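Engineer: prediction below, plus the sequence it came from.
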Amino acid sequence: MRKREQVTIHPSADVSDDAQLGAGTRVWHEAQVREGAVIGSECILGKGVYVDAGVRIGNRCKLQNGVYVFHGFDLEDGVFLGPGVMLLNDKSPRAVNPEGTLKSDSDWTVSKGLVKYGAAVGGGAAVLPGVTIGRFAMVGTGAVVTKDVPDHGLVYGNPARLKGFACECGHVAGAPDKEGGVVRLKCSTCGRTTTVPADTYAQIEAKS
């Protein structure tokens, strides 16, 4: 292991000298952190993680083995990405231009995406370019996320669909209590109450 400003980096990892890593962050076997990437404090980057150039990752994030975060996606604090998650950035991927020349960086447009505070994305999920995943949202294993996920939203499937709402503790929020323009969901595990807009909650009611 080697240390860089209170950061632990495994000898097999490739971390650019131009990347910024916060105190207490650990970078494990065969991970790669590209130039211009900014990673906060107390993060964990598991084996084989790839963080592309210019990506910004907040504090206390956990990226499990084999995660790929491509340029254009950013992570707020406290984000969890399960094994094999891919955050993508090209809506119209091609290796070559119509005339057959190899595409360069100037031949395509990066789409911006964001994973907000406390959200979790299950192993093997793919998040398409330009998508925003809301605060404390939960994305199921193997999901293909094609559109934005609301705060606390629980989505899964291919394509991922809103199936419910998740508590901050990670469990599914409880039965709804409707009041005016909001719906309150009390967690049966920890007792916290999750409040969501009524029109957002109606998106799952319409499918039941």
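Structural biologist: Yep, that arrived. Residues are numbered from 1 along each chain as shown.
Engineer: only C-alpha atoms for contact and neighbour calcs from this point on.
Structural biologist: OK.
Engineer: hmm, residue 116 and residue 133 touching each other?
Structural biologist: Yes: using Cα atoms under 8 Å, residue 133 is in contact with residue 116, at 6.0 Å.
Engineer: neighbour count for those two, which is higher?
Structural biologist: Neighbours were counted for residue 133 and for residue 116 using other Cα atoms under 10 Å; residue 133 has more, 26 against 21.
Engineer: any idea which helix or strand comes after the helix or strand bottoming out on mean pLDDT in the chain?
Structural biologist: None of the helices or strands of the chain scores lower by mean pLDDT, DSSP states H and E than strand 2-3, at a mean of 54. Heading C-terminal from strand 2-3, the first helix or strand you meet, by DSSP states H and E, is strand 8-9.
Engineer: sheet partners, orientation included, of that next one?
Structural biologist: Paired neighbours of strand 8-9 in the sheet (DSSP bridges): strand 2-3 (antiparallel), strand 26-27 (parallel).
Engineer: and residue 201, its phi and psi?
Structural biologist: phi -60, psi -30 (degrees, to the nearest 10).
Engineer: contacts only, for it.
Structural biologist: 164, 183 (Cα atoms under 8 Å, 6 or more residues apart in numbering).
Engineer: per-residue confidence at it?
Structural biologist: As predicted, residue 201 sits at a pLDDT of 93.
Engineer: what's the answer for residue 188, then?
Structural biologist: Per the predicted model, pLDDT is 89 at residue 188.
Engineer: doesn't residue 170 make contact with it?
Structural biologist: No: using Cα under 8 Å, residue 188 makes no contact with residue 170, being 11.5 Å away.
Engineer: where does the protein have low pLDDT?
Structural biologist: 1-5, 205-208 (pLDDT under 70).
Engineer: mind listing the helices for it?
Structural biologist: Here the chain has its helices, by DSSP state H, at 198-205.
Engineer: partner residues bridging the spatially most central residue of it?
Structural biologist: Taking Cα atoms, centre = their mean, the centroid of the chain lies closest to residue 115, which sits 4.4 Å from it. Note on residue 115: beta-bridge partners by DSSP bridges are residue 75, residue 133.
Engineer: so it touches residue 130, yeah?
Structural biologist: No: counting by Cα under 8 Å, residue 115 does not reach residue 130; the two are 10.6 Å apart.
Engineer: what about the closest residue to residue 178 other than its chain neighbours, how many residues close to it?
Structural biologist: In this structure, residue 178 finds its nearest non-sequential neighbour in residue 184, 6.3 Å apart by Cα to Cα, 6 or more residues apart in numbering. Counted with other Cα under 10 Å, residues neighbouring residue 184 total 20.
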